[in-house]
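Novice: Generate coordinates for the sequence data below:
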Amino acid sequence: MASRRKSMDVSLNLPSLVDVVFLLLIFSMLTTTFSKMLTKLDVKLPEARAVVEQKTKNTIIEIAEDGRLAMNGNLISLDELDKKLAELAKEKPDETIIIKADKNVRYGKVIEVMGICKSYNLNKLGMAALEQQPT
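Specialist: Numbering: from 1, shown residues only. Model prediction:
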């Protein structure tokens, strides 16, 4: 008698595979969208005549019109900023810090952030601005 091969019936449930891929796609789209929304403050920079483009990667502190702060894209409180700048001063004492303050932010808030930087001898400070368009 000839030996019979047992046929293995393999079936792939395609609708559930499509569902899984679809859910992964939605998850990745939402997480990238929310990460951009949560870490980026809406800062409207003032215009200036002389603007120099920075080519190196610096530490960026953003100050929104309502006073919210972000450091390198992460929302942060003033106390947390103080702690992070203390750590930064130990690790990279020659770091350049760029302050991106909204054009409508209170002047005192900018001075407060600059004072924290200066208190840790982080003296290389820059202010971000947009290049003024000729009228």
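
Novice: Give me the residue ranges of this structure where confidence is low.
Specialist: Across the chain, the ranges flagged by pLDDT under 70 are 1-14, 31-42, 44-56, 135.

Novice: Nearest the geometric middle of the protein, what residue?
Specialist: residue 73 (2.2 Å; CA atoms, centre = their mean).

Novice: can you pull out the strands in this structure?
Specialist: 47-48, 59-63, 69-71, 74-76, 97-101, 125-127, 130-131 (DSSP state E).

Novice: Strand partners (parallel or antiparallel) of the last one?
Specialist: Under the criterion DSSP bridges, strand 130-131 sits next to strand 47-48 (parallel) in its sheet.

Novice: Point out the most buried one among the strands of the chain.
Specialist: strand 59-63 (a mean of 22; mean count of other CB atoms under 10 Å). The C-beta positions use only the backbone N, C-alpha and C, and glycine is treated the same way.

Novice: Can you tell me what sits against that strand?
Specialist: 41, 43, 69-73, 81, 88, 95-102, 105, 109-110, 113, 128 (CB atoms under 8 Å, 6 or more residues apart in numbering).

Novice: where's it relative to the chain centroid, distance-wise?
Specialist: Offset of strand 59-63 from its chain centre (CA atoms, centre = their mean, to the nearest Å): 9 Å.

Novice: quick one, it and strand 97-101 angle?
Specialist: 20 degrees (axes from the mean of the first three to the mean of the last three CA atoms, to 10 degrees).

Novice: measure residue 87 to residue 126 for me?
Specialist: 20 Å (CB to CB, to the nearest Å).

Novice: cool, residue 97 as well?
Specialist: In terms of CB to CB, residue 97 sits 7 Å off from residue 126.

Novice: Identify the contacts common to those two.
Specialist: Here residue 97 and residue 126 share the contacting residues residue 58, scored by CB under 8 Å, 6+ apart.

Novice: domain assignment for the chain?
Specialist: 13-41, 47-131 (automatic domain parsing).
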